[in-house]
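Peer 1: when you get a sec, could you give me coordinates for this:
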Amino acid sequence: MAHDELPRREALKTLAAAASLPILGALPAEADAQQAPAGAAPRPAAAQPAQAPAVRTGPRGDAWDPDLINPKKDWPRKLTAAEMATLAALADMIIPADEKSPSASAVGAHHYINEHVSAPGASYERDLHRVRGGVSWLNLESQKRFQRSFVRLTSEQRTAICDDICYPPKAKPEFQAGARFFSLVRNLVGTGFYTTDAGMRDIGYVGNKPSLTWDLPPLEVRRKLGLE
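Peer 2: Modelled structure (predicted):
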């Protein structure tokens with residue numbers, strides 16, 4: 001109803017009063033200055049409490065906020081030297097050296113696996129058990145077939161074993177555990193390899209670099225995507 005509504009003039013007065021509040025907060029000091037006798041020294045402003053300087057803690061240097069200036073190992077590595085040697089040999093079966101790039105072990109992909117499975121957390125611990133169990137299975141299978149450990153096999157002998165475990169849907173029941181292990185290691189080797197400079201060069205990834213032009217994708221690519 002009309003008598004319940006705030007009159008427009010009263011509303012404007014309220015807004016004007018609210019807008020003047022920050023200004024009114026500074027008026028007492030100005031009033032004191034105006035009341036001081038001519039020639040008298042002005043009163044000192046009220047002392048303000050000293051503010052403590054901002055505390056800069058810098059990088060914490062933990063696993064999730066690493067100190068990149070002073071890098072360090074974030075957790076102890078758990079794989080043994082023998083396990084690492086087996087993983088290096090398997091990694092080189094997955095990504096061998098060629099004319100474009102070095103092998104996976106040459107860029108440290110097996111060290112990435114060690115870092116991954118040694119990390120704190122339940123999922124990493126599960127991967128540690130899978131990798132350790134898989135390495136043991138791989139060496140037992142090597143001994144069963146060729147009477148020597150995996151690292152001592154020829155490339156052809158390693159290939160014979162890898163062919164039986166490289167694709168889980170087609171792996172025989174007795175090779176299913178080995179196939180699951182191989183899939184995990186293949187994913188980790190790929191991650192470790194293709195995040196290095198050599199791996200990125202291998203696939204032609206150049207990242208964000210300054211360019212004077214911006215060229216569209218090739219015409220045949222745009223047509224395939226329905227953009228032309």
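
Peer 1: excluding its backbone neighbours, what's nearest Glu83?
Peer 2: Leaving aside its chain neighbours, Glu83 sits nearest to Val135 (5.0 Å; criterion: C-beta to C-beta, 6 or more residues apart in numbering). For every residue, glycine as well, the C-beta is placed using N, CA and C.

Peer 1: all helices in this protein, in order from the N-terminus.
Peer 2: Residue ranges of the helices in the chain, as given by DSSP state H, are 8-19, 21-24, 27-35, 81-94, 109-118, 122-146, 155-165, 176-194, 197-202, 219-224.

Peer 1: return the most buried member of the ones you listed.
Peer 2: Most buried of these, by mean neighbour count (mean count of other C-beta atoms under 10 Å): helix 109-118, with a mean of 22.

Peer 1: and it, what does it pack onto?
Peer 2: If you count contacts as 3 or more C-beta pairs under 8 Å, 6 or more residues apart in numbering; DSSP states H and E, helix 109-118 packs onto helix 81-94, helix 122-146, helix 176-194.

Peer 1: turn the helices of the chain into CSV, columns for distance to Lys72 and mean pLDDT.
Peer 2: Below are the helices of the chain laid out as CSV (distance: least, C-beta to C-beta, whole Å; pLDDT from 0 to 100):
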stretch, distance to Lys72, mean pLDDT
helix 8-19, 56, 56
helix 21-24, 51, 48
helix 27-35, 55, 49
helix 81-94, 20, 98
helix 109-118, 13, 98
helix 122-146, 19, 98
helix 155-165, 35, 98
helix 176-194, 20, 98
helix 197-202, 22, 95
helix 219-224, 44, 94
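
Peer 1: now distance to Asp74 too, for these, in TSV please.
Peer 2: Formatted as TSV, these follow (distance: least, C-beta to C-beta, whole Å):
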stretch	distance to Asp74
helix 8-19	54
helix 21-24	50
helix 27-35	55
helix 81-94	18
helix 109-118	8
helix 122-146	12
helix 155-165	32
helix 176-194	16
helix 197-202	22
helix 219-224	41
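
Peer 1: so which of those helices is nearest Lys100?
Peer 2: Checking the helices of the chain against Lys100 by C-beta to C-beta gives helix 197-202 as the closest, at 5.4 Å.

Peer 1: chain center to the closest one, what's the gap?
Peer 2: Offset of helix 197-202 from its chain centre (C-alpha atoms, centre = their mean, to the nearest Å): 18 Å.

Peer 1: tell me which residues are up against that helix.
Peer 2: With contacts defined as C-beta atoms under 8 Å, 6 or more residues apart in numbering, helix 197-202 is touched by Lys100, Ser101, Pro102, Ala106, Val107, Phe193, Tyr194, Val206, Gly207.

Peer 1: one step back: got CSV for the helices and strands packed on helix 109-118, with distance to Val221 too?
Peer 2: Output for the helices and strands packed on helix 109-118, formatted as CSV (distance: least, C-beta to C-beta, whole Å):
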stretch, distance to Val221
helix 81-94, 29
helix 122-146, 37
helix 176-194, 22
